[in-house]
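S.K.: Below are the sequence and a predicted model; questions follow.
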Amino acid sequence: MIHSLFLINSSGDIFLEKHWKSVVSRSVCDYFFEAQERATEAENVPPVIPTPHHYLLSVYRHKIFFVAVIQTEVPPLFVIEFLHRVVDTFQDYFGVCSEPVIKDNVVVVYEVLEEMLDNGFPLATESNILKELIKPPTILRTVVNTITGRPGGDKEFLKTDWVTPRGSGAVSPLLLERVFSCVYERSTNVGDQLPTGQLSVVPWRRTGVKYTNNEAYFDVIEEIDAIIDKSGSTITAEIQGVIDACVKLTGMPDLTLSFMNPRLLDDVSFHPCVRFKRWESERILSFIPPDGNFRLLSYHVSAQNLVAIPVYVKHSISFRDSSALGRFEITVGPKQTMGKTIEGVLVSSQMPKGVLNMSLTPSQGTHTFDPVTKMLSWDVGKINPQKLPSLKGTMSLQAGAPKPDENPTVNLQFKIQQLAISGLKVNRLDMYGEKYKPFKGIKYMTKAGKFQVRT
Amino acid sequence: MTDSKYFTTTKKGEIFELKAELNSDKKEKKKEAVKKVIASMTVGKDVSALFPDVVNCMQTDNLELKKLVYLYLMNYAKSQPDMAIMAVNTFVKDCEDPNPLIRALAVRTMGCIRVDKITEYLCEPLRKCLKDEDPYVRKTAAVCVAKLHDINAQLVEDQGFLDTLKDLISDSNPMVVANAVAALSEIAESHPSSDLLDLNPQSINKLLTALNECTEWGQIFILDCLANYTPKDDREAQSICERVTPRLSHANSAVVLSAVKVLMKFMEMLSKDLDYYGTLLKKLAPPLVTLLSAEPELQYVALRNINLIVQKRPEILKHEMKVFFVKYNDPIYVKLEKLDIMIRLASQANIAQVLAELKEYATEVDVDFVRKAVRAIGRCAIKVEQSAERCVSTLLDLIQTKVNYVVQEAIVVIKDIFRKYPNKYESVIATLCENLDSLDEPEARAAMIWIVGEYAERIDNADELLESFLEGFHDESTQVQLQLLTAIVKLFLKKPTETQELVQQVLSLATQDSDNPDLRDRGYIYWRLLSTDPVAAKEVVLAEKPLISEETDLIEPTLLDELICYIGTLASVYHKPPSAFVEGGRGVVHKSLPPRTASSESTESPETAPAGAPPGEQPDVIPTQGDLLGDLLNLDLGPPVSGPPLATSSVQMGAVDLLGGGLDSLIGGTNFAAPPTAAAPASLGAPIGSGLSDLFDLTSGVGSLSGSYVAPKAVWLPAMKAKGLEISGTFTRQVGAISMDLQLTNKALQVMTDFAIQFNRNSFGLAPAAPLQVHAPLSPNQTVEISLPLNTVGSVMKMEPLNNLQAVSSRLQSSNVFTIAKRNVEAQDMLYQSLRLTNGIWVLAELRIQPGNPNLTLSLKCRAPEVSQHVYQAYETILKN
């Protein structure tokens, strides 16, 4: 099972280590650093690295490498999924998952990690159970951090700071001291109740939940992944959809969610709370929801079901041999949007190395070109179907160099509110088991995932 | 308040300060001090000196403080075993605490203190906790047994904890079941032979019930455990599959992949006619596709596994080609894997799309990826014959880009295309020759030289081209030198008049100026061949080369079957059985797929190919170097064919040779007037492959290994000569029994019936042991395979002694003297041979034959010199008889 965990920042410092069995020397990470050196970018570090006695499995998130060390044959997906869970938990606990935040909360981090695994076996990975065991930092603490002006504000910092004269606008040290001591004397951050959820039939929901406003919101979010070729025809297109829920309901509600067109969903992954039998027989989602935010369902609509492509890109990019100038023109327009507006459009493209600079004029929005990374990005904003946004101009190329042999790929981001591009529609949401009437809401959104247009 | 202050102090006397704080009366101060200690510990500072002070803080009712102290203890108990004992009492007390949380915490922590002296105090509290009324404590205790086992396995067995653990599999709480399974699996890993997890239908049922209710991690453990079970029949397999399928929709990818493993394994037992089989196949595709939309690390593991699944059951994903198309911002490790799978899925139906994609990839930035994409185009051409032409033109387009590495890679694959479709695409050679100068990688240079040599007669200036390479002969890598040597010899044989000088130059370069033994050997062989018998040289050097197989890099079937049982594990990521890389001496049980049950149809070809199955039935596997170990163990594969073409042919001929050397006489003796096969030049062209063919020689000699090498079938009687009946065949010897494997093909327009076989008298006394049985009439274009058992009791045809190597070695071999190697030194033929007496004495012999001299010289080497006299006599009898 999982032996140890090392957290490594992008400059190669190990800033946290946790061992669940015997201690593994941190020199094992040398193999990781070697692999890191070989890979040109952090994203390209292979996720599984063998060493003579161990295996290193890593994920790279928020500029931190989470490196798990295993010694025996363990399903690698199990380890990687667990690492993802660690990242999610940190984010859940601290709002962001970054090196300073982890360092600031090192004891909580350590306690949480200790609860998550026992001897390498997962123990408590559900966020609500963990929060019962170890309380997340309180709001008050966050307040202090904001006042002191840095996330790592602490008593020693304050003490030393008082000696030096401070500029105007500083908060009164006395006030600070008062706030601080009140936080300092706060109650322990370890809960002393048995994590009941861990043993119940519904481990994902804690008992005794109470709200004054009972609400249940569902967001249907679809991302289109597509590759469009030069001529504008679709090479692949698929939709990754999720239904994220935010449920704040008192007691033990039992919900059912039904769809107008459930046949769209033939490839689905459910949250463990969903009763699979009822889905199989009636195509209804029936579940006792976890408390708070969770992902109810993720689904996949593959190319066979004819994915609608909501935008098109017209492009003419020409490099000429021997000439030091190239022409560049891009137009973006709507297509199959069911009458909704496309907004948040961002076009970006990695230009070939030979491009020295670009002088372009957009019909709307702003654009930047970084001559070092050769990254062109154009923030278009909304698309007005009457007046299509375009970006035109010239590129200055390295003189005398041959025509670049790679064509830039155009990456597109966009958003369409109030539309699920697959056509998925929720029919109704019912609640059983509790007496009150909850407030229900549903929202649809379509986004570009990995949307690429080849030129 | 945050914890970053714990990192700030690096002052001297820090430890001292902490010590004072730890001993403070104030609870809060104490807690803060412990926190500082923990923080130092997490970043790797040594705070073990504070051990006694921290342990003193343990006796507290503050749960957080207790936990922190526990954390510290787990880390440092090993280095302070004597001190750790001080903590034991507190643990024992905590194990009886009314609060189950504390009981569980205590038992959990105790297990993590890896000190031998403590373990014995642990047993009693652990036993109690395993039977605790609270499931939370029980499930924690279950894991604790695994911890204890890791520290002291004997103790765990003596105390009977394993049985208690087995009982927990039938616990009422699913989490307890899951943890018990996980603990047992981990213990079983270090006890490969034990029957810790002896699964029976009852326990399986319990696991399946728990599967639905436990956490995602528990599901992984249970599924992995289920995969080790072998259902008793297809009905049971189906019912397990039915209960496992819902797991395919789980959000945790590890659960999905473990479920896929169970299904892939149990599917093996289901009959293909079953409706359910088809349903299952359909259900497997969507979850696998979904895995590919996950994070890149998950994708990578998924892709490695899909690679196995696609090889085992291509039908599952055959319509899903598009999901493997590469996105330009995929990490490189994902790109390369996707490419691999794309080629495996390429078929006539989707080849156009695939080629368009590959061409697109070939213009990307990443060099490794581009290279692999170009190579992939070549593999498509070889795999899908209809697409070959398009692939070639795509490659030509790419060569026109003049991007150096693209051109080189393209030339390497075009060489393979030539080998697959000889005499078809020679028109492109001119284009290739234009790029001669830009080639700087050995592999590309070697490929180009091979092409020039192979088609020398069609390239007008072939001699000039090759000559240009010759200038820097000694700076080239061995690969290029060998290739150049062969190419020039080929050229000479094709255009002897103009190139005499060139060939002499290269021969002298290779033999006199080189210190590479391979190169020298090959040079001498050619030299001698050319000087003694140009006709033979032509036959050897310009022999028709066997076609290269369609699929490259396929995993060998038995290994694939084993790996299917390891889906989702590291083994599946590395495509190696765990025995090849798992640490230490821990034995690993070889897993194998369950056999199909009797109810399934019998006509289906067996899952594991019979040794040395003829190409065409089963794709020939070219193992990578890493598989060599497996090869040597199984001995059912050809050697890695990575060397130059000559090596290939010589190895195969060598193999023919070992079936008895005098195969020609054998075949001449059968009823059909078949032409002798090309066995003769084998001994001449053998040196390169000899190391390997020797190995095969030995095994076939011992004849007790079931997986001995079988020569590929050769056409003995072409259809032209026998009114449409084509006969090809080979001789095999398995477990000492000789048989003749025949393949009869009716190429006439009429049905053939009434087959019979008769052997002429031959030197080995071979005769059919049973009549030839061809049951059904052979209709046009039908092929039957027959294996005819043979014995050696037929009448022996006496022949005049043949004074050549073939005859000598075959004669000796029929008397169980086996030739290991042959060599030619100073115009003398040397035969190296081995024999074993029935009492286990090995004798090694060197037999020297001079052409034109009827006397042979025999030298022996043996541990028991007293037998040598008898061996001399024996040789004399055999050879003069």
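M.R.: It's in.
S.K.: shaky segments in chain A?
M.R.: Applying pLDDT under 70 to the predicted model, the residue ranges of chain A that meet it are A:138-203, A:303-306, A:321-323, A:400-402, A:404-406.
S.K.: what about the longest helix in it?
M.R.: Determined from DSSP state H, the single longest helix within chain A is helix A:76-94.
S.K.: how about that one as PDB, C-alpha atoms only?
M.R.: Backbone C-alpha positions of helix A:76-94 (Å, rounded to 0.1, in the frame of the first residue of the first chain) are rendered in PDB as follows:
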ATOM      1  CA  PRO A  76      -1.400   2.600  -9.500                       C
ATOM      2  CA  LEU A  77      -4.800   4.100 -10.200                       C
ATOM      3  CA  PHE A  78      -5.700   3.600  -6.600                       C
ATOM      4  CA  VAL A  79      -2.600   5.600  -5.600                       C
ATOM      5  CA  ILE A  80      -3.300   8.300  -8.100                       C
ATOM      6  CA  GLU A  81      -6.900   8.600  -7.200                       C
ATOM      7  CA  PHE A  82      -5.800   8.900  -3.600                       C
ATOM      8  CA  LEU A  83      -3.400  11.700  -4.400                       C
ATOM      9  CA  HIS A  84      -6.200  13.500  -6.200                       C
ATOM     10  CA  ARG A  85      -8.200  13.100  -3.100                       C
ATOM     11  CA  VAL A  86      -5.400  14.600  -1.000                       C
ATOM     12  CA  VAL A  87      -5.300  17.600  -3.300                       C
ATOM     13  CA  ASP A  88      -9.100  18.000  -3.100                       C
ATOM     14  CA  THR A  89      -9.100  17.700   0.600                       C
ATOM     15  CA  PHE A  90      -6.400  20.400   1.000                       C
ATOM     16  CA  GLN A  91      -8.400  22.700  -1.300                       C
ATOM     17  CA  ASP A  92     -11.500  22.000   0.700                       C
ATOM     18  CA  TYR A  93      -9.800  22.700   4.000                       C
ATOM     19  CA  PHE A  94      -7.800  25.700   3.100                       C
END
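S.K.: How far off centre is that helix?
M.R.: 12 Å (C-alpha atoms, centre = their mean, to the nearest Å).
S.K.: just stretch B:135-143 next, same as before
M.R.: Averaged over its C-alpha atoms, stretch B:135-143 has a centre that lies 41 Å from its chain's centre (C-alpha atoms, centre = their mean).
S.K.: Could you see whether chain A lies near it?
M.R.: Yes. Using C-beta under 8 Å from any C-beta of the partner chain, we find that stretch B:135-143 touches chain A at B:P135, B:Y136, B:T140, B:V143. Every C-beta, even on glycine, is put in place using the N, C-alpha and C of the backbone.
S.K.: contacting residues for the last one?
M.R.: In this structure, B:V143 makes contact with A:D118, A:N119, A:F121, B:R108, B:G111, B:N179, B:A182, B:A183, judged by C-beta atoms under 8 Å, 6 or more residues apart in numbering or on different chains.
S.K.: what helix or strand is it on?
M.R.: With elements delineated by DSSP states H and E, B:V143 resides in helix B:135-151, which encompasses its position.
S.K.: and B:Y229, how far is that from chain A?
M.R.: Taking C-beta to the nearest C-beta, to the nearest Å as the measure, B:Y229 falls 17 Å from chain A.
S.K.: Next: B:V107.
M.R.: 10 Å.
S.K.: which SS class is that residue?
M.R.: What DSSP: H, G, I helix; E, B strand; the rest coil gives for B:V107 is helix.
S.K.: List the buried residues in stretch B:127-134.
M.R.: Judged by neighbour count using 16 or more other C-beta atoms under 10 Å in any protein chain shown, the buried positions of stretch B:127-134 are B:C129, B:L130, B:D132, B:D134.
S.K.: doesn't the third one fall inside a strand?
M.R.: No. Applying three-state DSSP, one finds B:D132 to be coil, outside a strand.
S.K.: That one reaches B:A142, doesn't it?
M.R.: No. Counting by C-beta atoms under 8 Å, B:D132 does not reach B:A142; the two are 10.7 Å apart.
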